[in-house]
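Visitor: coords below, sequence missing:
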């Protein structure tokens, strides 16, 4: 008789067969009858008699107090649980009935053709006509008119007289102040690293160099004023150096 090893020692092969057979019977029938496995191991033929009586219940008991065999429960990890839940949800979604094409079309809005009825646009000003489009010089003249350039020429000459004790020569005119403003506009478009380069031989720029000489330009740039210094108090001069 061959032997096999378990936790309680070596047992005969017949005992192993008897144990598994009655575990199967006990698992499906839930027997309440006490069985002695050692006795059945000595008399294996008694097994067939017990198998014939399938209507009775069995409860296995041995001298070694063997516990009832139950398969271990499978413990799922969090990832496996999430996978199983996603599989179940996907399977439920697949089993769910899909809406037919007719149902989809019925949910679309229905468009009805109707005549357009316009509304009156409120007018903010009565009898308002758009102004004509002016040239760039026309818009510039709105803010810098002839009076501004005349005032600039007079106040610049006055400031030069206050600082140097003599009048500026040649006499400064409003036309020269206009040219002075135009030269600064051109310098903003054609930028040189130094102002004197506009009058240099290599980089001479005629729209600037041919209008006002370099020394005259520096003189106007240093003394240009549009405010009468004699009418400004000392407190205002301290607060605003410009």
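Guide: Good, I have the coordinates. Not measured: the values here are computed from a predicted model.

Visitor: What ranges does the protein have for its strands?
Guide: 3-6, 9-12, 33-36, 58-61 (DSSP state E).

Visitor: Show the average pLDDT along the last one.
Guide: Rounded to a whole number, the mean pLDDT of strand 58-61 is 45.

Visitor: what's the answer for the third one, then?
Guide: Strand 33-36 comes out with an average pLDDT of 58.

Visitor: next one: the first one
Guide: With pLDDT averaged residue by residue, strand 3-6 scores 45.

Visitor: Which segments of the chain make up each domain?
Guide: Using automatic domain parsing, the domains assigned to the chain come out as 3-61, 136-232.

Visitor: next one: phi and psi at residue 202?
Guide: Here is the backbone geometry of residue 202 (degrees, to the nearest 10): phi -80, psi -40.

Visitor: OK, contacts around residue 182?
Guide: Contacts for residue 182 (Cβ atoms under 8 Å, 6 or more residues apart in numbering) come out as residue 211. Quick note: C-beta positions are derived from backbone N, CA and C, even for glycine.

Visitor: now with 10 Å?
Guide: Counting by Cβ atoms under 10 Å, 6 or more residues apart in numbering, residue 182 makes contact with 207-208, 211-212.

Visitor: among the domains of the chain, which gets the worst mean confidence?
Guide: Of all the domains of the chain, domain 3-61 carries the lowest average pLDDT, namely a mean of 56.

Visitor: hmm, back to that, PyMOL command for the buried members of the contacts of residue 182?
Guide: Selecting the buried subset of the contacts of residue 182 in PyMOL, with 16 or more other Cβ atoms under 10 Å as the burial test, is done by:
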select buried, resi 208+212
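
Visitor: Can I get the contacts of residue 182 in JSON lines including distance to residue 155?
Guide: Below are the contacts of residue 182 laid out as JSON lines (distance: Cβ to Cβ, whole Å):
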{"residue": "207", "distance to residue 155": "26"}
{"residue": "208", "distance to residue 155": "24"}
{"residue": "211", "distance to residue 155": "22"}
{"residue": "212", "distance to residue 155": "19"}
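
Visitor: from the contacts of residue 182, which two are the most distant?
Guide: 207 and 212 (10.9 Å; Cβ to Cβ).

Visitor: intersection of neighbour lists for those two?
Guide: Overlap of the contact sets of residue 207 and residue 212 (by Cβ under 10 Å, 6+ apart) consists of 182-183.

Visitor: Number of residues surrounding residue 176?
Guide: Residue 176 has 18 neighbours, counted by other Cβ atoms under 10 Å.

Visitor: For it, give its distance to residue 118.
Guide: For residue 176, the distance to residue 118 equals 58 Å [Cβ to Cβ, to the nearest Å].

Visitor: swap in residue 137?
Guide: As for residue 137, its distance to residue 118 is 42 Å (criterion: Cβ to Cβ).

Visitor: same question, residue 144
Guide: Taking Cβ to Cβ as the measure, residue 144 falls 45 Å from residue 118.
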